[in-house]
Structures are given as structure tokens and as C-alpha cells.
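>>> No sequence on hand, only this structure:
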């Protein structure tokens with residue numbers, strides 16, 4: 001159901017608890033990679049398949065020397081680097097990072113991630129409010145090149 005401002009008085013005074021059947025996604029990095037999704041992003045991305053309607057979680061891998069495509073989206077992202085080192089270009093700023101660092105990507109900012117290691121894999125966790133924006137009909141993603 002869609003509500004409008006005229007429905008404000010119809011706000012419920014109680015909340016209905018809904019506990020989904022699926023509460024865990026086991027061995028996330030060992031499940032099949034969504035090939036098309038990873039190909040679009042130009043690196044391996046493992047998507048947590050959970051019923052969250054507001055947050056998403058992915059684990060990404062960047063091979064040594066690998067760089068993602070330049071892109072932007074209408075949702076926020078926080079990246080936590082599990083292993084590796086590199087940098088992220090956020091608009092015209094170069095943000096250097098290493099394992100243990102967290103990087104914020106603002107809404108609609110052009111950005112691109114690079115693994116600067118010649119031998120080691122970069123692994124990171126990305127948390128985004130993409131499902132929230134999708135449910136609001138306001139999720140947009142644009143790739144450059």
C-alpha cells in the first residue's frame with residue numbers, strides 16, 4: 001500500500017513483529033558469485049542474500065592491480081577493508097586505505113576503487129542503504145566507461 005500525506009492520521013500505534021525465516025547466509029564468500037553482477041562491476045562481488053529492506057552487505061574482491069569502473073549511485077556506502085591496500089577516488093580526492101580502514105562514499109559521488117598490491121588480494125565489506133532507496137523508488141546507479 002502506498003500512503004500520501006493525507007494518510008498521516010492513519011499511522012498505527014503498534015508495530016507488527018515479523019521475523020523472517022531466513023536469518024543467516026552461510027559461507028557468503030563460498031557461494032556462487034552472481035556472474036552478471038560481478039561482470040558489471042568488473043570484480044568479484046558476493047551479495048548477502050538476506051531479507052533486509054533497508055541495508056545491503058556485499059564482500060568484494062579486487063585482484064592485484066585491479067581497478068573497478070568509475071561509477072556513482074544514489075545510495076550511501078561504507079566500505080571496510082578486510083585485507084589489502086589501495087585507494088579510492090571520490091570525485092577528485094584520492095583516499096588511500098589499508099586493512100582495518102573504513103571509507104565513506106557519499107551519495108551520487110563519482111568513485112573508483114583500486115588495489116595497489118602487485119601480489120595480494122584486496123577483500124572488503126560494503127554496507128549500503130541501497131534496498132531502502134530501491135523500496136522508495138529512488139535507487140539509481142551509473143557507470144562511466
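The structure has been received and is ready for your questions. As the structure is a computational prediction, the values presented were derived from the model and not from experiment.

>>> List the contacts of stretch 102-113.
Applying C-beta atoms under 8 Å, 6 or more residues apart in numbering, the contact partners of stretch 102-113 are 60, 62, 67-81, 86-91, 95, 97, 124, 144. Using the backbone N, CA and C atoms, a C-beta is placed for each residue, glycine as well.

>>> List only buried entries from the residues you listed.
Neighbour counting with 16 or more other C-beta atoms under 10 Å marks 60, 62, 67-68, 71-77, 79-81, 86-90, 95, 97, 124 as buried within the contacts of stretch 102-113.

>>> what's around residue 63, how many residues?
14 (other C-beta atoms under 10 Å).

>>> Can you show me the strands along this protein?
Assigned by DSSP state E, the strands in the chain fall at 44-47, 56-62, 70-73, 77-83, 85-90, 93-98, 102-105, 111-115, 122-128, 141-144.

>>> Where does pLDDT dip in this structure?
Scanning the chain for pLDDT under 70 picks out the ranges 145.
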